[in-house]
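Participant: Using only what follows, build the 3D model:
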Amino acid sequence: LEYTGKKPFDTVLIHGLVRDAQGRKMSKSLGNGMDPAEIINEFGADMLRLWAGSADYHADMRCSKEIFKQLSQNYLKFRNTAKFCLDNLTGFDPETELVAPARMQELDRWAVTRLNSLIRRVFDSYDAYEFHAVSHAINDFCVVDLSSFYFDIIKDRLYCDGEHSASRRSAQTALFLILDAMTRLFAPILAFTCDEIWLAMPHRSCDDARNVLFNEMVLPYNGYAL
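Facilitator: Take a look at the predicted model:
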């Protein structure tokens with residue numbers, strides 16, 4: 001190698017630093033650091049992953065117990081969404097009972113259409129390494145599209161219609177597609193939680209039921225879109 005006397009680089013660009021709730025840089029001298037082991041013991045490993053996946057690393061990242069408590073509400077919304085789907089998919093076999101798009105109710109196809117939009121946003125965000133956009137998009141989908149609207153409407157069908165009725169099967173088809181897609185989409189961030197969901201949910205024969213991370217993310221279900 002020939003020595004040129006030139007520096008290989010002049011500046012190292014660092015994205016955001018980790019700061020405490022008051023905006024101070026975390027350091028041993030200030031005593032304001034947070035031990036990852038303590039965070040995991042108090043909030044769980046996936047909460048630490050969610051914090052890293054929810055913060056915009058282009059800017060300084062705030063870290064405090066108060067922030068983890070706020071994030072735990074977003075985490076709870078995702079878990080509650082998954083629990084609603086799981087509770088209403090008991091006994092559902094996606095291998096034989098998925099309803100064809102033409103036979104689904106319009107509201108259920110609307111839900112899958114909204115899911116398709118989420119899938120596209122998440123793919124674009126992962127491609128751009130914008131992990132915080134993934135977390136925010138899934139949270140908004142769970143809160144705005146599902147919990148506050150879709151789930152509230154389909155409860156009557158799920159709880160009151162016949163177990164094998166076409167109306168209930170239509171809603172279950174949408175729930176399965178939603179849960180299956182969201183679990184795969186969020187797995188790179190909430191690896192343990194999504195695997196817990198994956199082990200509890202029904203599967204098709206083409207799925208690897210051992211672990212969600214052994215499966216590819218799904219593409220938009222264009223056939224079900226309105």
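Participant: Run through this structure and note the low-pLDDT ranges.
Facilitator: Counting by pLDDT under 70, the chain contains low-confidence ranges at 1-35, 58-59, 61.
Participant: got the phi/psi numbers for Leu48?
Facilitator: Here is the backbone geometry of Leu48 (degrees, to the nearest 10): phi -70, psi -40.
Participant: Quick one: the strands in this protein, in order.
Facilitator: Counting by DSSP state E, the chain forms strands over residues 18-19, 61-62, given from the N-terminal end onward.
Participant: residue ranges of the helices in this protein, please?
Facilitator: Along the chain, the stretches classed as helices by DSSP state H are 36-43, 45-54, 65-87, 106-127, 131-140, 151-160, 166-186, 191-200.
Participant: Which of those helices sits closest to Val218?
Facilitator: helix 166-186 (4.9 Å; CB to CB). For the C-beta atoms, the positions are set from N, CA and C on the backbone; glycine is no exception.
Participant: the inter-axis angle of that closest one versus helix 106-127?
Facilitator: With axes from the mean of the first three to the mean of the last three CA atoms, to 10 degrees as the criterion, the two stretches helix 166-186 and helix 106-127 enclose an angle of 10 degrees.
Participant: Just the CA atoms of stretch 168-175, as PDB, please.
Facilitator: Listed next in PDB are the C-alpha coordinates belonging to stretch 168-175 (Å, rounded to 0.1, in the frame of the first residue of the first chain):
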ATOM      1  CA  ARG A 168     -68.700 -14.800  11.200                       C
ATOM      2  CA  ARG A 169     -66.300 -16.600   8.900                       C
ATOM      3  CA  SER A 170     -65.900 -13.400   6.800                       C
ATOM      4  CA  ALA A 171     -64.800 -11.400   9.900                       C
ATOM      5  CA  GLN A 172     -62.500 -14.300  11.000                       C
ATOM      6  CA  THR A 173     -60.800 -14.300   7.600                       C
ATOM      7  CA  ALA A 174     -60.000 -10.600   8.000                       C
ATOM      8  CA  LEU A 175     -58.800 -11.100  11.600                       C
END
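Participant: List of residues touching that stretch?
Facilitator: Residues from elsewhere that reach stretch 168-175 (CB atoms under 8 Å, 6 or more residues apart in numbering): 84-85, 88-89, 92, 97-99, 103-105, 108-109, 111-112, 154, 157-158, 161-162.
Participant: Drop anything exposed from those.
Facilitator: Neighbour-count burial (16 or more other CB atoms under 10 Å) is assigned, among the contacts of stretch 168-175, to 84-85, 88-89, 92, 98-99, 104-105, 108-109, 111-112, 154, 157-158, 161.
Participant: give the contact list for Leu177.
Facilitator: Neighbouring residues of Leu177 by CB under 8 Å, 6+ apart: 112, 115, 221, 224.
Participant: Most neighbours of all those residues, which one?
Facilitator: When neighbours are taken as other CB atoms under 10 Å, the top entry among these is Leu115 (25 neighbours).
Participant: That residue: what's it in contact with?
Facilitator: Leu115 sits next to 141, 177-178, 181-182, 220-221 when contact means CB under 8 Å, 6+ apart.
Participant: Redo those residues as JSON lines? Include distance to Ala45.
Facilitator: Formatted as JSON lines, the entries for those read as follows, by distance: CB to CB, whole Å:
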{"residue": "Phe141", "distance to Ala45": "24"}
{"residue": "Leu177", "distance to Ala45": "28"}
{"residue": "Ile178", "distance to Ala45": "25"}
{"residue": "Ala181", "distance to Ala45": "23"}
{"residue": "Met182", "distance to Ala45": "20"}
{"residue": "Pro220", "distance to Ala45": "31"}
{"residue": "Tyr221", "distance to Ala45": "31"}
